[in-house]
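> Next input, structure requested:
(one chain, ligands or ions: 1)
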Amino acid sequence: MPKTRNETAPPSPAPVRPARSASVERVTRETNIRVEINLDGQGHADIRTGIGFLDHMLEQIARHGLIDLMVRAEGDLQVCCHHTTEDTGIAIGQAVALALGDRRGIVRYGHAYLPMDETLTRVALDLSNRPYLVWKVAFPRDKIGDMDTELFREWFQAFAQSAGATLHLETLYGENSHHIVESCYKGLARALRTAVAIDPRQADIVPSTKGTLGASMSPGS
Ligand SMILES: [Mn+2]
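This next block holds a predicted model:
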């Protein structure tokens, strides 16, 4: 008896998930920002904010998060770095939230202990759609390059708010301000990499007992 087509057909391949990508354009009287993100990328960074040190930090998110990230920012740097810093946090957070969609299948939680020479920072992240920042980071110096170190809290607050993330950062010890802030961005990158990953055991499930992590969810999930 001849074999049927089904008996000889190779097993069908696992369905391929489309890459989770998004783009955001955010224009105000203070800044003009464009962001493109691919959460399933390879860590490619193409960042130009007009602030060299901020570029260096945002590149860490891409490289250590395995996220492809393009950022173009034209801000009122003649005023100071404040608006450009804060608004890149908003726009990158928005892009992460858009790319995550209904957050189905994600691991949701991520954390990292990030050493950098004498500095150790702990980052814990919940992509809960419940924005909250805990910031226990202090800098010995007021400035790094052109940037006031107090601006980094603004960046992480803006990111947590617009990404819909509960985000806790604490520098446990450290002396060099450059290392301290860089450990925060690298720690965020590592925590994000874990939290946005698709968990194969719950790939079609929204990881909440409420059944939703969507934008219109009520508090308490
Ligand atoms: Mn550095």
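
> Helices of this structure, start to end?
For the chain, helices defined by DSSP state H occupy the ranges 5-8, 52-65, 82-100, 151-163, 177-196.

> where in the chain is pLDDT low?
Where the chain drops to pLDDT under 70, the residues are 1-15, 215-221.

> Try it again at 90.
For the chain, the stretches with pLDDT under 90 are 1-19, 145-146, 203-206, 209-221.

> what's the residue closest to the geometric middle of it?
Centrality entry for the chain: nearest residue to the mean C-alpha point is residue 192, 5.6 Å, by CA atoms, centre = their mean.

> picking up where we left off before, who wins for proximity to residue 125 among the helices of the chain?
The closest of the helices of the chain to residue 125 is helix 177-196. By CB to CB, the value is 4.1 Å. C-beta coordinates here come from the backbone N, C-alpha and C atoms, glycine included.

> so which of the helices of the chain gets nearest residue 205?
If we rank these by CB to CB, the stretch that ends up nearest is helix 82-100, at 14.3 Å.

> name the helices or strands packed onto the closest one?
Contact partners of helix 82-100 among helices and strands, from 3 or more CB pairs under 8 Å, 6 or more residues apart in numbering; DSSP states H and E: strand 21-27, strand 31-38, helix 52-65, strand 68-75, helix 151-163, helix 177-196.

> Tell me which residues are up against stretch 170-178.
Stretch 170-178 has contacts (CB atoms under 8 Å, 6 or more residues apart in numbering) with 116-122, 134, 136-141, 144, 149, 180, 183-184.

> Can you flag the buried ones in those residues?
116, 119-122, 137, 139, 144, 149, 180, 183-184 (16 or more other CB atoms under 10 Å).

> right, and the pair among those residues with maximum separation?
Spatial extent of the buried ones among the contacts of stretch 170-178 (CB to CB) is set by the pair 122 and 144 at 20.9 Å.

> okay if I get the helices of the chain as JSON lines plus distance to residue 202?
Converted to JSON lines, the helices of the chain look like this (distance: least, CB to CB, whole Å):
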{"stretch": "helix 5-8", "distance to residue 202": "31"}
{"stretch": "helix 52-65", "distance to residue 202": "21"}
{"stretch": "helix 82-100", "distance to residue 202": "15"}
{"stretch": "helix 151-163", "distance to residue 202": "20"}
{"stretch": "helix 177-196", "distance to residue 202": "13"}
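
> Of all these, which one is nearest residue 210?
With CB to CB as the criterion, residue 210 lies closest to helix 82-100 of the helices of the chain, at 16.3 Å.

> That closest one: which residues count as buried?
Buried-residue list, helix 82-100, by 16+ other CB under 10 Å: 82-100.

> Same list, the buried ones among the contacts of stretch 170-178, but as CSV with distance to residue 61 please.
Converted to CSV, these look like this (distance: CB to CB, whole Å):
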residue, distance to residue 61
116, 15
119, 18
120, 19
121, 14
122, 17
137, 17
139, 20
144, 17
149, 18
180, 17
183, 13
184, 11
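
> just those now: which is nearest residue 48?
residue 144 (18.5 Å).

> Pull the contacting residues for the closest one.
53, 177-178, 181.

> Look up how far residue 110 lies from it.
Counting by CB to CB, to the nearest Å, the separation of residue 144 from residue 110 is 26 Å.

> Kindly report the same for residue 85.
23 Å.

> With residue 48 instead?
From residue 48 to residue 110 the distance is 28 Å (CB to CB).

> what about the two, which has more around it?
A direct count of neighbours by other CB atoms under 10 Å for residue 48 and residue 110 places residue 110 higher, at 24 against 14.
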